[in-house]
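Student: have a look at this prediction, sequence included:
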Amino acid sequence: MAHSNIDETTRTRARALRRERTHAERKMWDILRDFRPRGASFRRETPIGPYIADFAWLSTRIIVEVDGDSHETDQGRAHDKKLDAFLGAQGFAVIRFDNDQVIDNPDYVFLEIEKRIVHVLKDGGDE
């Protein structure tokens, strides 16, 4: 059943993004799948309001974003600021990594996510 707060354009764009993953997003998905034994249930390209989160573990309100070069522009930084403010107001914590970090240093990325997950679970996450 469709979520009433997500418009069809956003939903359609999320479906397209799931099919058009970047190399860094594929690598991040592999990293996040390693957290499944700990109860993590991340979703890819998840609509939240008018935005699409790269990876979301909804029950713990954790968002992982993988940022390409477009995020390094003034327009990209402004968009990220609005996105982070919106998600923060919804109770989400946003963890950001750039493509190079994910591709070149996956161990660092894994450890940073692990720190956040351990913190959230210790403070009352439900999964």
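Tutor: Cool, got the structure.

Student: buried ones in stretch 74-93?
Tutor: Buried positions in stretch 74-93, judged by neighbour count with 16 or more other C-beta atoms under 10 Å: Asp80, Leu83, Asp84, Leu87, Phe92, Ala93. Glycine gets a C-beta too; all of them are placed from N, C-alpha and C.

Student: for the last one, which residues make a bridge with it?
Tutor: I take that to be Ala93. Residues in a beta bridge with Ala93, per DSSP bridges, are Ile62.

Student: distance of it relative to Lys81?
Tutor: Using C-beta to C-beta, to the nearest Å, Ala93 is found at 16 Å from Lys81.

Student: how about Pro50, phi and psi?
Tutor: phi -80, psi 0 (degrees, to the nearest 10).

Student: from Ile31, how far out is it?
Tutor: According to C-beta to C-beta, Pro50 and Ile31 sit 27 Å apart.

Student: more neighbours: which of the two?
Tutor: The neighbour comparison of Pro50 against Ile31 (other C-beta atoms under 10 Å) goes to Ile31, with 19 against 13.

Student: ok so, going back, now the buried residues of stretch 74-93 in a markdown table, with pLDDT?
Tutor: Compiled in a markdown table, the buried residues of stretch 74-93 are given as follows (pLDDT from 0 to 100):
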| residue | pLDDT |
| --- | --- |
| Asp80 | 85 |
| Leu83 | 88 |
| Asp84 | 92 |
| Leu87 | 92 |
| Phe92 | 92 |
| Ala93 | 91 |
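
Student: let me know the closest of those residues to Ile62.
Tutor: Within the buried residues of stretch 74-93, proximity to Ile62 (C-beta to C-beta) peaks at Ala93, which comes in at 5.5 Å.
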